[in-house]
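S.K.: got a structure for you, letters missing:
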């Protein structure tokens, strides 16, 4: 497991997305990006997080990141940031990942990633939901 | 996370910030153009005037664009611009009847104490002739006339001077604008057009700041018409959820002055076509 994760990290750093089946979570099989209706009604935090990630007025994460099922959902991914894959293995410390989402500039002053918490782009609760979704990737 | 950031730094992705901090414009210019030459070693210098189409990431788009340019979508607009230019004898207001002078725009004018653009001078000319100036500085007639006037200087190489302390102040203000993070998304012009030039933002390829403006006014497919550079500036401000400024505002004229100075030596390509 550890070896595979390291390989994925190496590949993702190179900017190539390679999703091995092992990382496709049961809650969100390939091709199942939630639709608008599901997003409005779901109580599932992972699905809600995915909705926030792909909402242009909210996370709009695909502007800079590729992640599983984007292409199938007809959304175009950017490559400004690294692909979001194998998050749990690569970022086991949830608090650290949350801090990063809150204000990426704290980790890298020249970061191209918007400070989602510090600039009130997302609420505390929305960031928590995003984390659930990220850990499903 | 830390080690990833170290890798990014080592890869040179973060060096963008350093090209914004120099003692004088000549040094800025050198560092700025060197940065893009190094970042895109296979792109010939003149090619940068074609915006995103110059970049390796746009290979596919480039082929389509070359097809489109066989019958450019701005031809009718350019003809309307020419008709307006001739009807109002605008040539009479400009040196050399307006030919081969656009490479010196925008310029610092000591008398009016401001950065003057082609658009402002066209309106000044209309006023002198007792006509009412054009109000819409984003699209429509102004974009068409400015595009026609710039087409009379096609191929001329950008040549901007900064020769007085006041001109220097205007340049500095433009530079500060370019490098400042703004908007809810907290991104600067440089975040996208220096650090991330040639990458994809969603489905869009981000152009290099080297080349900015020399093709404007441009016919953008997303507009389906000719538009001015300041219209695009506003779009880029809105994109990061920042309040845009007015076309021909002091802020955008000074931003344009800074940006155009850095294009020194690039050929004018206006009007151009963009996605």
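M.R.: That came through fine. None of the values given here were measured: they were computed from a predicted structure.
S.K.: burial of residue 107, as a residue count?
M.R.: I went with chain A, as the question did not name one. Using other C-beta atoms under 10 Å in any protein chain shown, residue A:107 is surrounded by 15 other residues. (C-beta placed from N, C-alpha, C; glycine too.)
S.K.: could you do chain B instead?
M.R.: Residue B:107 sits with 18 neighbouring residues when counted by other C-beta under 10 Å.
S.K.: for the closest residue to it other than its chain neighbours, give me its contacts.
M.R.: Using C-beta to C-beta, 6 or more residues apart in numbering or on different chains and skipping the chain neighbours, the partner closest in space to residue B:107 is residue B:116 (5.8 Å). The contact partners of residue B:116, by C-beta atoms under 8 Å, 6 or more residues apart in numbering or on different chains, come to B:105, B:106, B:107, B:108, B:109, B:253.
S.K.: for residue B:116, grab phi and psi.
M.R.: When read as degrees, to the nearest 10, the backbone of residue B:116 gives phi -110, psi 130.
S.K.: from chain A, how far off is it?
M.R.: Residue B:116 sits 34 Å away from chain A, going by C-beta to the nearest C-beta, to the nearest Å.
S.K.: what about the closest residue to chain A within the stretch 101-250 of chain B, distance to residue A:73?
M.R.: For the stretch 101-250 of chain B and chain A, the shortest gap (C-beta to the nearest C-beta) falls at residue B:203, measuring 3.4 Å. Separation of residue B:203 from residue A:73 (C-beta to C-beta, to the nearest Å) stands at 13 Å.
S.K.: so the residue of chain A found nearest chain B: helix, strand or coil?
M.R.: The minimum distance from chain A to chain B, using C-beta to the nearest C-beta, falls at residue A:76 (3.4 Å). State at residue A:76, reduced to three classes by DSSP: H, G, I helix; E, B strand; the rest coil: coil.
S.K.: show me what from chain A comes close to chain B.
M.R.: Residues of chain A lying close to chain B (C-beta under 8 Å from any C-beta of the partner chain) are A:13, A:62-64, A:75-80, A:82, A:91, A:96, A:100, A:105, A:107-108, A:110, A:112, A:114-115, A:119-121.
S.K.: hang on, the earlier thing: settle this for me: the residue of the stretch 101-250 of chain B closest to chain A is touching residue A:76, isn't it.
M.R.: Yes. Counting by C-beta atoms under 8 Å, residue B:203 does reach residue A:76; the two are 3.4 Å apart.
S.K.: in the chain, where is pLDDT below threshold?
M.R.: By default, I'm working from chain A. Applying pLDDT under 70 to chain A flags the ranges A:1-33.
S.K.: to clarify, I was referring to chain B.
M.R.: Scanning chain B for pLDDT under 70 picks out the ranges B:1-22.
S.K.: please, which helix or strand holds the residue positioned nearest the centre of it?
M.R.: In chain B, the centroid-proximal residue (C-alpha atoms, centre = their mean) is residue B:213; its distance is 1.8 Å. Assigned by DSSP states H and E, residue B:213 belongs to no helix or strand.
S.K.: from what I can see residue A:77 touches residue A:61, true?
M.R.: No. Residue A:77 is beyond contact range of residue A:61, at 9.1 Å (criterion: C-beta under 8 Å).
S.K.: now do the shared contacts for those two.
M.R.: Shared contacts of residue A:77 and residue A:61 (C-beta under 8 Å, 6+ apart): residue A:67.
S.K.: so these two - more neighbours on which side?
M.R.: The residue with more neighbours, out of residue A:77 and residue A:61, is residue A:61; 24 against 21, by other C-beta under 10 Å.
S.K.: OK, contacts around that one?
M.R.: When contacts are counted by C-beta under 8 Å, 6+ apart, residue A:61 touches A:53, A:54, A:67, A:84.
S.K.: from residue A:67, how far off is it?
M.R.: According to C-beta to C-beta, residue A:61 and residue A:67 sit 7 Å apart.
S.K.: which neighbours do the two share?
M.R.: Counting by C-beta under 8 Å, 6+ apart, the common neighbours of residue A:61 and residue A:67 are A:53, A:84.
S.K.: got the contact list for the residue nearest to the spatial centre of chain A?
M.R.: For chain A, the residue nearest the mean C-alpha position is residue A:134 (4.4 Å; C-alpha atoms, centre = their mean). For residue A:134, the contact set (C-beta under 8 Å, 6+ apart) comprises A:49, A:84, A:87, A:91, A:97.
S.K.: just the buried residues out of these, in PyMOL syntax.
M.R.: Filtering the contacts of residue A:134 down to the buried ones (16 or more other C-beta atoms under 10 Å in any protein chain shown) takes a single PyMOL command:
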select buried, chain A and resi 49+84+87+91+97
